[in-house]
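Chemist: can you look at this prediction? I've put the sequence above it.
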Amino acid sequence: MDELTKKKISAKLKGRKKLATHKKKISQSLKGRKLTEEHKRKISESMKQKRQFPAYNN
């Protein structure tokens with residue numbers, strides 16, 4: 001698949017809503033997953049930054 005086709009597909013799918021059933025399946029697949037300490041730290045830092053600027057977190 002060429003790059004132009006990939007970009008067209010990507011643009012078309014952006015902003016698309018996921019169904020509730022799809023969200024539930026994603027949630028179930030991620031439950032019980034083990035995260036490294038580094039990954040936990042990065043998630044924590046990201047969440048702290050998001051709390052600093054609530055107007056940008058729509």
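Modeler: Received, thanks. Everything quoted here is computed from the prediction, not taken from an experiment.
Chemist: use CA for all of it now, contacts and neighbours both
Modeler: Fine.
Chemist: which parts of this protein are helices?
Modeler: 3-13, 20-30, 37-52 (DSSP state H).
Chemist: what ranges in this protein fall below the confidence cut-off?
Modeler: 54-58 (pLDDT under 70).
Chemist: distance between stretch 3-14 and the chain's centre?
Modeler: Chain-centre distance of stretch 3-14: 18 Å, with C-alpha atoms, centre = their mean, to the nearest Å.
Chemist: can you check stretch 5-25 too?
Modeler: With C-alpha atoms, centre = their mean as the basis, stretch 5-25 stands 11 Å off its chain's centre.
Chemist: kindly export it (C-alpha atoms) in PDB.
Modeler: C-alpha atoms of stretch 5-25 as PDB (Å, rounded to 0.1, in the frame of the first residue of the first chain):
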ATOM      1  CA  THR A   5      -3.400   5.600   0.300                       C
ATOM      2  CA  LYS A   6      -2.400   5.200   3.900                       C
ATOM      3  CA  LYS A   7      -2.800   8.900   4.500                       C
ATOM      4  CA  LYS A   8      -6.300   8.900   2.900                       C
ATOM      5  CA  ILE A   9      -7.400   6.000   5.100                       C
ATOM      6  CA  SER A  10      -5.900   7.600   8.200                       C
ATOM      7  CA  ALA A  11      -7.700  10.900   7.500                       C
ATOM      8  CA  LYS A  12     -11.000   9.200   6.900                       C
ATOM      9  CA  LEU A  13     -10.800   7.300  10.200                       C
ATOM     10  CA  LYS A  14      -9.800  10.200  12.500                       C
ATOM     11  CA  GLY A  15     -12.400  11.400  14.900                       C
ATOM     12  CA  ARG A  16     -14.600   8.300  14.300                       C
ATOM     13  CA  LYS A  17     -16.500   7.100  17.400                       C
ATOM     14  CA  LYS A  18     -16.100   3.600  18.800                       C
ATOM     15  CA  LEU A  19     -19.100   1.500  19.600                       C
ATOM     16  CA  ALA A  20     -19.800   0.700  23.300                       C
ATOM     17  CA  THR A  21     -19.300  -3.000  22.600                       C
ATOM     18  CA  HIS A  22     -15.900  -2.300  20.900                       C
ATOM     19  CA  LYS A  23     -14.800  -0.200  23.900                       C
ATOM     20  CA  LYS A  24     -15.800  -3.000  26.300                       C
ATOM     21  CA  LYS A  25     -13.800  -5.600  24.300                       C
END
